[in-house]
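Chemist: need a 3D model of the sequence below.
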Amino acid sequence: IACSFWSLGCILYQMVYGHTPFSHLRTIYQKLQAIPDPSKAIAFPPTRNPYMVDVLRRCLQRQPTLRPSIPELLHHPLLRPELRGPPPSPSPA
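Modeler: Numbering: from 1, shown residues only. Below is the predicted model of the structure:
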């Protein structure tokens, strides 16, 4: 399931930003090296919906155990607006 959330994060990232998280890297080799490397930060530019950025950050965690579970994602304020409190604050990748 954790790999599915990474994939979901990549798809959502493409939809939100118009490119994949590692599109700035030229070769497939560079991309494959960057994906597991925590020193290669993923950029999360601000959007109109900070809850979307929060979901992206959670899904694109390099450590699979830190990615959301299905129930966590289904109860996220992005999908459940009635649960929204103050928007999540931006944090480093």
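Chemist: going forward, measure contacts and count neighbours with C-alpha atoms only.
Modeler: Will do.
Chemist: now stretch 48-60: buried residues?
Modeler: Neighbour-count burial for stretch 48-60, counted by 16 or more other CA atoms under 10 Å, picks out Pro50, Tyr51, Met52, Val53, Asp54, Val55, Leu56, Arg57, Arg58, Cys59, Leu60.
Chemist: what strand or helix carries the fourth one?
Modeler: By that I understand Val53. Secondary-structure assignment from DSSP states H and E places Val53 in helix 50-59.
Chemist: what are the contacting residues of the longest helix seen in the chain?
Modeler: In the chain, taking DSSP state H as the definition, the longest helix is helix 2-17. For helix 2-17, the surrounding residues in contact (CA atoms under 8 Å, 6 or more residues apart in numbering) are 19-21, 55-57, 59-61, 64-65, 67-69.
Chemist: just the angle between it and helix 50-59, please?
Modeler: Interaxial angle of helix 2-17 relative to helix 50-59 (axes from the mean of the first three to the mean of the last three CA atoms, to 10 degrees): 140 degrees.
Chemist: helix 2-17: how far from the chain's middle?
Modeler: How far helix 2-17 lies from its chain's middle: 6 Å, per CA atoms, centre = their mean, to the nearest Å.
Chemist: helix or strand next in line after it, which one?
Modeler: Following helix 2-17 in sequence, per DSSP H and E, is helix 28-34.
Chemist: who touches the residue most central in space within the chain in this structure?
Modeler: Centroid-nearest residue in the chain, with CA atoms, centre = their mean: Leu56, separated by 2.3 Å. Leu56 sits next to Gly9, Leu12, Tyr13 when contact means CA under 8 Å, 6+ apart.
Chemist: next: Ser39.
Modeler: By CA under 8 Å, 6+ apart, Ser39 has no neighbours at all.
Chemist: that one and Arg62, how far apart?
Modeler: 11 Å (CA to CA, to the nearest Å).
Chemist: Pro87 against Tyr51, yeah?
Modeler: Yes. Using CA atoms under 8 Å, Pro87 is in contact with Tyr51, at 6.7 Å.
Chemist: looking at the contacts of Leu56, which is nearest Leu74?
Modeler: Gly9 (14.4 Å; CA to CA).
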